[in-house]
Each structure stands twice: as structure tokens, then as C-alpha cells.
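In: what shape does this take:
(2 chains)
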2 protein chains.
Amino acid sequence: MQIQELSTPALTVDLDTLERNLEAMAALCRTQGVGLRPHTKTHKTPELARLQMERGAVGLTVAKVGEAEVMTLAGLDKILVAYPIYGAEKLKRLAALARRLEILVSLDAEATAVELSSAAASQSATIGVLVEFDSGFHRCGIAPGPEAVRLAKKIQKLPGLAFRGLMTYFGQVWGTSDQRRLEADQAAQEVAKALDAFEEARLPVEIVSGGSTPSAEFAGRVKGLTEIRPGTYVYNDLNTYYQGACRLEDCATRVVTTVVSTAVPGHAIIDAGSKTLSSDPLRAGPSSGCGLVVEAPDAPLIKLNEEHGYLDITQSTHKFHVGEVLTVIPNHVCTCVNMHDEAFLVRGGEVVGCWRVAARGKIR
Amino acid sequence: MQIQELSTPALTVDLDTLERNLEAMAALCRTQGVGLRPHTKTHKTPELARLQMERGAVGLTVAKVGEAEVMTLAGLDKILVAYPIYGAEKLKRLAALARRLEILVSLDAEATAVELSSAAASQSATIGVLVEFDSGFHRCGIAPGPEAVRLAKKIQKLPGLAFRGLMTYFGQVWGTSDQRRLEADQAAQEVAKALDAFEEARLPVEIVSGGSTPSAEFAGRVKGLTEIRPGTYVYNDLNTYYQGACRLEDCATRVVTTVVSTAVPGHAIIDAGSKTLSSDPLRAGPSSGCGLVVEAPDAPLIKLNEEHGYLDITQSTHKFHVGEVLTVIPNHVCTCVNMHDEAFLVRGGEVVGCWRVAARGKIR
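Out: Numbers count the residues shown, from 1 in each chain, chains lettered A, B, ... in the order given. Down below sits the predicted model:
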């Protein structure tokens, strides 16, 4: 079956592009001397996580216990839950995993550590802990410095926990290559602050985890970083492209869609809306639009309803007709993939397989 | 179990509120003399569709063949697919349903009708067709007038199809009560144009379907309307509330969430992000914010990442702490519900059951 014959809307992954992306990030990490622990939130698919491990990843990253469970059920291990998990039910499940596998968790509060310790100890499990610090994104994470050392020392005393190192997220590293280099260098100063405080306290730090896709090429400039957690790079998307962090041909994911109405003058309606593409806005480049139509880039996808996408065709040279099949590159691939139960695998335009997005919707 | 004890994030439905909403819309339709064919895209849950049918709905509305299949598998029938379905695989499944049940489909193009006819005829099924016309929302639908009549006449000649009437969507009826009344009256003029053309052509129109939740109270002002398709009213949301089309206590759906970080000054981070609430923006009232925290309305939910919500706590009198459980009313309940596999049922603060969101993710 050719890609255009898929029942629409459908999420597709071009395998040649994906494999090229996997190789490129693995090489980038080797060159810079940092480990790669890819964030699986982008693809939520054990088959793809396995490809990442086969290419030398030091482990996997997830945000949710449910995502970790899906990966471990598929035989994958060495999982970092890069999220301050709180709540007895989730921590019980996490401790159950840690009895069998190497589990790391990040956190930034003593209350979270106490809960985690209680869950681990009650199942005689040991959970590795990374103290999250804020290197400039201002989301989670304590300030780098003595406060982080104090939390690490408390973790060392709590049963069932093993302090393993530090974690930070470089979400602020965003924009043009120059902007990203500058922001990476600023983040590097915060990482240095954190490491200095631990060195002063003579507290060894085994793991220093940072990163994201847009910051990956600058990881080598951050002294002390041992591993990074990019997610988006496997598929890429318009946000990555418009930052200059990938080429358009590196976008492996397309949503195949059908024109379902041309009745209202000035636009064509496609059967991919916010329940297919997600309503995440474009955050780079032109900073508007809901996705790029590959076959008609001069017809901007200006608006989404739940099941309708609006193409502004007033400036387009393309002639649209009902029943026509188009393909759309999403703004943000992580939230787009999360709308789909399956990803159809494509090679040379032919559909050659299908992955279940097995960790989709694992919100707990 | 109390609602605060749920593992978070979790979607909850307050049953008392839901039942009140169901009764209110059923009464509103009776009073105005229009049938109610609720759009199930909001809840995607057969159990709730059954409650709607038990309260006198004339049938159900869906947007996707997959949603129709879920509803019919649960024993529900009389389904309007209010979407111009195009594509052989989907139409084959739709025709299979139409062999057993009363299926209606809306469309606005001859090409769509021809495909539908071919699918229906090849399975000796009959599918009822509503011609969609544009009453002011400018999404799908041909202009009301002779063109709609021409399409209806073509449908009458196509095997496997039965022309049953007209459909339009009042998406433009939005805003304050005064704005909505005005827009409903303008839509009524378009409906009249459409009906005049059919009367002139002596083509009987059995069904005239319109509506939405914000326009429901004005349905009686639209002459000739036989039924409406509101969806959101079962749960309501901030968009409905800020239009004055429901009270805050009529919002039946809450996302239960936990504060997971207060480390960065000025905000608290909750474990409900765009993969839990959806990233649909607020489109009414203050027109910013990502949801309302019931326990701390003075702490706006200013930003979402995939698994993080940012509460701006700088102006709040509430003292936030890690581990605290909060509840959030979503901006747009239809896209929020679609992120969840389950909805937990609550009565008087106690969790009394759970529905599977069985049609979630049925994008085809």
C-alpha cells in the first residue's frame, strides 16, 4: 500500500529519515563525549526505544510511571523518570519496577523525597535520585548551590534512596543557532555553580543530566554534563525546523489527511484537526500556522477545530479538490503523536508496517 | 475513595451536575419544540450517550465512523455522522453500519455523495444524507439557495442514498448572550434562505439540523429547525462559562492534579499539562489562561508544557505546597476529555465509578 492509500487521518513515520536522525544524534553525542538517554515522550513506542538502545543509548527517559511500565514490559530497562512523581499509588508502582530494574527519578523537594523513600523502603527497593536544579528555564528545580547540596544530603539519609547526581532541563535553549549557543553557555554557568557546590561539599556526583533537542549540538560546551535527554530529534517537527536545528527533510513524521470540503470560498478543509495534530501553536519561525502542507506550502494551515483543518488557499497555486490526499508536518510532534494509537511505517512511499503508540495517554 | 485520593492527574465527572445538565438541555429543547441529537464528541462515552437517549434524545451525533462504531457496539443507534466522510475504507465501514442501523451523514460536495453512494450500493445499504449548508461559520457547507437544491437532487438519483434534509453548524454563535442572540437571528435568515429554495423546488425537507451549546437557548428563534446537536452542555467548560451560557457550578468535569514543585519562586507546578488538559486556548471571557484552579482562582494557570502546568502564585492568597491536590476546570472540555482513557465518576465528593472514554482517539 502506498502512503496516499492510507485511511485518513493517519500518522506516518518515514523509516529512512528516522534511522538517519537516530544515527545523527548518536554520533553527535559520541563526538561531544556525552551519554544519550533519549526522552521517549516524543514517540511513546517501545520498538523505537529499542532502536535507540541498540544505537548506544545509556538508558531511556520517561515523564510518567505508566510510560516506564510500558517500556519495561517490552523488556527495556535503565529508565530515568525525569519528573518529580508525587502520590502513593504511582510511587508504589514505581517502587515495584525498581525492585527488578535500575530506576532513576528526579526531584526538587524534600517532601517528594520522603514520599519516594517511603514507597521504596516498603518494598525493599532502591531508587536512584537525581536532584533537579534550575539552569534558566524556571520550571522545576532548586537553585544551583548549597540548597541542592542540602537536599542531596537528606536523600542520602533516607532509606530506599540512592543519591546519584543532578538533573536540569535546557528548555530555555531555543531560537536561532546563535541564540541557542548563547543560552547554552549561560546554562553552562549554572551547571558549573551546581557542580562547584557539590565539590565544595565533597559530595560526589555520578550523573549530570541535561539537554533537549535544540540544545543537543551545544552539549559539549557544558562542562561536567555526563548525559542528555533529547526527545524530539527522532521525528523532528516545524518547531525544530524553524530554529534551524534540523532540515525539513529530517521531519520523519507526517499526518496523511484528505480534503473533505472546498465549498466555502477561500479555503479548503482537511480531516486533520486538533484531535489529530494537537492544538500546540508554532513557537519558532513565522510563529503562526498549525502545520505545513508538504504538497502546498503556499496554502497555510491557519486554524484547527477538533476534526477540521482550515487551509487558506487564497494565495496558493495548488488546485484543491475534495478527496485529495495531502500530508502535514506538525508544529510539535510530541503532542501530535500522543493523539494517535498507531504510527504507520513508511519506506520509499510504501507502508511497510505499523507501531502501536503503546505509551500514549499514560498520564499517571 | 474521596476525589482528592485519586491518583493524579485524573479526569472526573460530577454526576449530580451532569444529570442536572442533561435535564436542563432536554427541557430547553422540549420548550423550544426542537429535537435533541447530542454530539457525543464531547464525552465519547456510550454510557453517557445512553443517558442522553433515555432523556428523550432523537438520536446521537458523531464526527467519525470510529465513534459511530463504538456507539453502535454499545447498542445505540440512530446516528448522524455530522462530517463529510471521504475515503473508501471508512465508507465501507459506514455502509456496514447502515445495513443494520439508521445512519445519517452530512456532506456538501457531489464527489463525497458519489463515493458514499458507491460504498452504500455495494453493500445494499441505504444511507440518509443531509446537505450541509453554511449559515455563517464559513467552515463547511454550500451556500443556502439553488446550489443546495441541485446537490439534493443529485443525491436523490444516486443509488444507496436517501436525501433526508439539511444540516448547518452555528459555530459563529459565540460570545455574550446579546452577541449570541444577534448571531442566531442572522443564522436564522440563512436557514430561511435554504428552506425557501427547497420550497420553491418543491423538494420536501424532513430534517433541519443546527445548533451547538452556546446557540441552544436561541434554537426556537430559528424557524424550520427540527433538531440541534449541542455537545459541550453535558460537561460545560470555561469557554461556556465565560460566555454566560452556563454557571461555574454547571461545569461537571474537573481534572484532579497534584502540586509537584514549588522550587522556582513565583509559581507552583502541577502535574496536569497539555497532554492532560489539551492546549486549546481560552476563547471567551479573559481569553487567556489554561484552566481554572477551583481552590485558588487567584492563581492563574498561565502556561502548559506537556506534563507541567504553571500556576502564577504571585497574587494568590493560597499557600501552595508540594503534594497538595487541586482541581482544574478545563478551557475546552471536548479536547480535554479526548486526552483521557477513563473518566472517574464522583457524587458528593466520593468516587463512585469509572467510565471508559471508549471512543477516545477514534480519528477515522
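
In: any low-confidence regions in the stretch 101-250 of chain A?
Out: Along the stretch 101-250 of chain A, no part satisfies pLDDT under 70.

In: what parts of it come near chain B?
Out: A:108-109, A:111-112, A:115, A:132, A:134, A:138-143, A:171 (CB under 8 Å from any CB of the partner chain). For the C-beta atoms, the positions are set from N, CA and C on the backbone; glycine is no exception.

In: ok, what's across the strand from residue A:81?
Out: Under DSSP bridges, the beta-bridge partners of residue A:81 are residue A:62, residue A:105.

In: how far away is residue A:268 from chain B?
Out: From residue A:268 across to chain B, the span is 10 Å (CB to the nearest CB, to the nearest Å).

In: where does the nearest residue to that residue once chain neighbours are set aside land in three-state SS?
Out: Leaving aside its sequence neighbours, residue A:268 sits nearest to residue A:320 (CB to CB, 6 or more residues apart in numbering or on different chains; 4.0 Å). Assigned by DSSP: H, G, I helix; E, B strand; the rest coil, the conformation of residue A:320 is coil.

In: residue A:236 reaches residue A:254, doesn't it?
Out: No: at 11.3 Å, residue A:236 and residue A:254 do not qualify as touching, with contact defined as CB atoms under 8 Å.

In: one step back: buried ones among the residues of the stretch 101-250 of chain A next to chain B?
Out: A:108-109, A:111-112, A:115, A:132, A:134, A:139-143, A:171 (16 or more other CB atoms under 10 Å in any protein chain shown).

In: identify those among those residues that sit within helices.
Out: Counting by DSSP state H, the part of these found in helices is A:111-112, A:115.

In: from those residues, which is closest to chain B?
Out: residue A:111 (4.5 Å; CB to the nearest CB).

In: any idea how far residue A:139 is from the closest residue to residue A:214 other than its chain neighbours?
Out: Among residues not flanking residue A:214 along the chain, residue A:245 sits closest, at 4.9 Å (CB to CB, 6+ apart). Residue A:245 is 20 Å from residue A:139, where distance means CB to CB, to the nearest Å.

In: neighbours around residue A:73, how many?
Out: Neighbour count for residue A:73, taken as other CB atoms under 10 Å in any protein chain shown: 11.

In: same deal with residue A:223?
Out: By the criterion of other CB under 10 Å, residue A:223 has 11 neighbours.

In: likewise for residue A:353?
Out: Using other CB under 10 Å, residue A:353 has 12 other residues around it.

In: show me what contacts it?
Out: Residue A:353 is in contact with A:344-345, counting by CB atoms under 8 Å, 6 or more residues apart in numbering or on different chains.

In: wait, doesn't residue A:129 sit right on residue A:104?
Out: Yes: counting by CB under 8 Å, residue A:104 is a contact partner of residue A:129 at 7.2 Å.

In: where does pLDDT dip in the stretch 251-364 of chain A?
Out: When residues are selected by pLDDT under 70, none of them lie in the stretch 251-364 of chain A.

In: chain B contacts on that one?
Out: A:258-264, A:267, A:269, A:271, A:274-276, A:278-281, A:305-308, A:310, A:321-323, A:334-335, A:338-341, A:360-361, A:363-364.

In: what does the spatially most central residue of chain A show for phi and psi?
Out: The centre of chain A sits closest to residue A:231, judged by CA atoms, centre = their mean, with a distance of 3.2 Å. Main-chain torsions, residue A:231, degrees, to the nearest 10: phi -120, psi -50.

In: same thing with residue A:155?
Out: Note on residue A:155: backbone dihedrals following degrees, to the nearest 10 are phi -60, psi -40.

In: what's the answer for residue A:176, then?
Out: Phi and psi for residue A:176, reported as degrees, to the nearest 10, are phi -70, psi 170.

In: from residue A:181, how far out is the residue nearest to it when sequence neighbours are not counted?
Out: Leaving aside its chain neighbours, residue A:176 sits nearest to residue A:244 (6.1 Å; criterion: CB to CB, 6+ apart). Separation of residue A:244 from residue A:181 (CB to CB): 11 Å.

In: now do residue A:23
Out: Distance, residue A:23 to residue A:181, using CB to CB: 23 Å.

In: how about stretch A:32-47: buried residues?
Out: Residues A:32, A:34-46 are the ones in stretch A:32-47 that count as buried (16+ other CB under 10 Å).

In: likewise stretch A:159-179?
Out: So for stretch A:159-179, counting by 16+ other CB under 10 Å, buried means A:160-161, A:163-175.

In: how about stretch A:204-223?
Out: Neighbour-count burial for stretch A:204-223, counted by 16+ other CB under 10 Å, picks out A:205, A:207-219, A:222.

In: which of residue A:129 and residue A:104 has more residues huddled nearby?
Out: Per other CB under 10 Å, whichever of residue A:129 and residue A:104 has more neighbours is residue A:129, with 28 against 23.

In: element containing the more buried one?
Out: strand A:127-132 (DSSP states H and E).

In: and that strand, what does it pack onto?
Out: Counting contacts by 3 or more CB pairs under 8 Å, 6 or more residues apart in numbering or on different chains; DSSP states H and E, strand A:127-132 packs against helix A:88-100, strand A:103-107, helix A:110-122, helix A:146-157, strand A:161-167.

In: got the angle between it and helix A:88-100?
Out: Compare the direction of strand A:127-132 with that of helix A:88-100 by axes from the mean of the first three to the mean of the last three CA atoms, to 10 degrees and you get 120 degrees.

In: what are the pairing partners of strand A:127-132, and which direction each?
Out: Counting by DSSP bridges, strand A:127-132 is paired with strand A:103-107 (parallel), strand A:161-167 (parallel).

In: tell me where the stretch 251-364 of chain A has helices.
Out: Using DSSP state H, counting those that start in this stretch, the helices of the stretch 251-364 of chain A run over residues A:274-277, A:333-337.

In: wait, which of those helices is closest to residue B:95?
Out: For residue B:95, the closest of these is helix A:274-277, at 23.4 Å, according to CB to CB.

In: now that closest one: how far from the chain's centre is it?
Out: Remark: helix A:274-277 is offset 18 Å from the chain centroid, using CA atoms, centre = their mean, to the nearest Å.

In: and stretch A:187-207, by the same measure?
Out: Relative to the centre of its chain, stretch A:187-207 is centred 26 Å away, using CA atoms, centre = their mean.

In: what comes into contact with it?
Out: A:104, A:130, A:133-136, A:144-146, A:148-149, A:152-153, A:163-168, A:170, A:172-173, A:208, A:210, A:215, A:221-227.

In: about what we covered before: shared neighbours, residue A:129 and residue A:104?
Out: By CB under 8 Å, 6+ apart, residue A:129 and residue A:104 have these common neighbours: residue A:164.

In: so which bits of the longest helix belonging to chain A are buried?
Out: Across chain A, the longest stretch assigned as helix under DSSP H is helix A:177-200. Neighbour counts using 16+ other CB under 10 Å place A:180-181, A:183-184, A:187-188, A:190-191, A:194-195, A:197-198 of helix A:177-200 among the buried residues.

In: pick the one among those closest to residue A:300.
Out: For the buried residues of helix A:177-200, the nearest to residue A:300 is residue A:180 (25.9 Å; CB to CB).

In: for chain A, longest strand please?
Out: strand A:253-261 (DSSP state E).

In: so in that sheet, which strands flank that strand, and in what orientation?
Out: Applying DSSP bridges, strand A:253-261 is found paired with strand A:10-14 (antiparallel), strand A:267-270 (antiparallel), strand A:325-329 (antiparallel).

In: got CSV for those, with mean neighbour count and distance to residue B:346 too?
Out: Output for those, formatted as CSV (neighbours: other CB atoms under 10 Å in any protein chain shown; distance: least, CB to CB, whole Å):
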stretch, mean neighbour count, distance to residue B:346
strand A:10-14, 24, 34
strand A:267-270, 27, 38
strand A:325-329, 23, 38
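
In: make a markdown table out of those strands and add distance to residue A:92.
Out: Shown next, in a markdown table, are those (distance: least, CB to CB, whole Å):
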| stretch | distance to residue A:92 |
| --- | --- |
| strand A:10-14 | 33 |
| strand A:267-270 | 44 |
| strand A:325-329 | 41 |
